[in-house]
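1. Here is my input; please provide its structure:
(one chain, ligands or ions: 1)
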Amino acid sequence: MRVLVVEDEVRMARLLKRGLEEEGHAVDIAGDAPEGLWMATENHYSAVVLDVMLPGFDGFELCRRLRGAGVWAPVLMLTARDEIGDRVRGLDAGADDYLVKPFSLLELAARLRALARRDDRSRPAVLGEGDLKLDPAAKRAWRGDTELKLSPKEFALLEVFLRRPGDVLTRSQIIEAVWDFAFDGTSNVVDQYVKYLRDIVDAPFGRHDIETVRGMGYRLRHQAPG
Ligand code: CA
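-> Next up, the predicted model:
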């Protein structure tokens, strides 16, 4: 499987990479928390291994942000101390398992296998509104029987609308949900992406479900189930 390891200590990261590759996994390394967040949201990983102590922000916060961004890959946290507090914090943040340093590569590999096998209970339900359907975990969306080809940002935008059908969403609410903390552009990007999304989700189907609410923002029209 494809595994992301977020670990700033270079020797440790190399060791993990080599060990997991020997187990037959494909391994990417992120050296700090922002990079880990970016990689995990841009790519699809079967599992994420997170060190707790990271530059940028810590592994708990990273895990929370991954879940907030709709990344549902199993997360295994590496914690330096055998502290019940860390374990609880990790599970609160949405981690699936944790391992206390020092640990053996064999144990890490075994835990990862177990996580990959486990039914992902945190996997969110498929969202739907009218004939629109979106599976946050599988990263797929449909209008009726037609699968929609969406970029990651377009997908995230549609997910935001589908989580709150009928509600007016302001541009800043949308930026917060889709572009996250690091975004430093203007709200024009929201208008641009709403246009992209309409061109995929509405226009080809002769629909106008993504509505502009003048002076306020945007709204996904609330529809009868169908
Ligand atoms: Ca570290």
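2. Could you give the bridge partners of residue 5?
-> Beta-bridge pairing of residue 5 under DSSP bridges involves residue 29, residue 49.
3. ok, it - contacts?
-> By CB atoms under 8 Å, 6 or more residues apart in numbering, the contact list for residue 5 reads 13, 16, 17, 20, 27, 28, 29, 30, 48, 49. Backbone N, C-alpha and C define where each C-beta goes, glycine included.
4. Burial check on the last one, number of neighbours?
-> If I follow you right, that is residue 49. Close neighbours of residue 49, defined as other CB atoms under 10 Å, add up to 28.
5. Also the third one?
-> For residue 17, the number of neighbouring residues by other CB under 10 Å comes to 18.
6. So which bits of this protein are right by the ion?
-> 8, 51, 53 (CB under 5 Å from the ion).
7. what do you get if the cut-off is 6 Å, keeping everything else the same?
-> Residues of the chain lying close to the ion (CB under 6 Å from the ion) are 7, 8, 9, 51, 53, 54.
8. how about the contacts of residue 5 in JSON lines, adding pLDDT?
-> JSON lines is the format used below for these (pLDDT from 0 to 100):
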{"residue": "13", "pLDDT": "95"}
{"residue": "16", "pLDDT": "93"}
{"residue": "17", "pLDDT": "93"}
{"residue": "20", "pLDDT": "90"}
{"residue": "27", "pLDDT": "92"}
{"residue": "28", "pLDDT": "94"}
{"residue": "29", "pLDDT": "96"}
{"residue": "30", "pLDDT": "97"}
{"residue": "48", "pLDDT": "94"}
{"residue": "49", "pLDDT": "95"}
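9. need the contact list for residue 193.
-> Neighbour list for residue 193: 153, 154, 157, 178 [criterion: CB under 8 Å, 6+ apart].
10. The last one and residue 190, how far apart?
-> What that stands for is residue 178. Using CB to CB, to the nearest Å, residue 178 is found at 8 Å from residue 190.
11. Tell me the helix or strand right after the helix or strand of the chain with the lowest mean pLDDT.
-> Of the helices and strands making up the chain, the lowest-confidence element is helix 84-92, at a mean of 68, by mean pLDDT, DSSP states H and E. Using DSSP states H and E, the helix or strand that follows helix 84-92 in sequence is strand 97-100.
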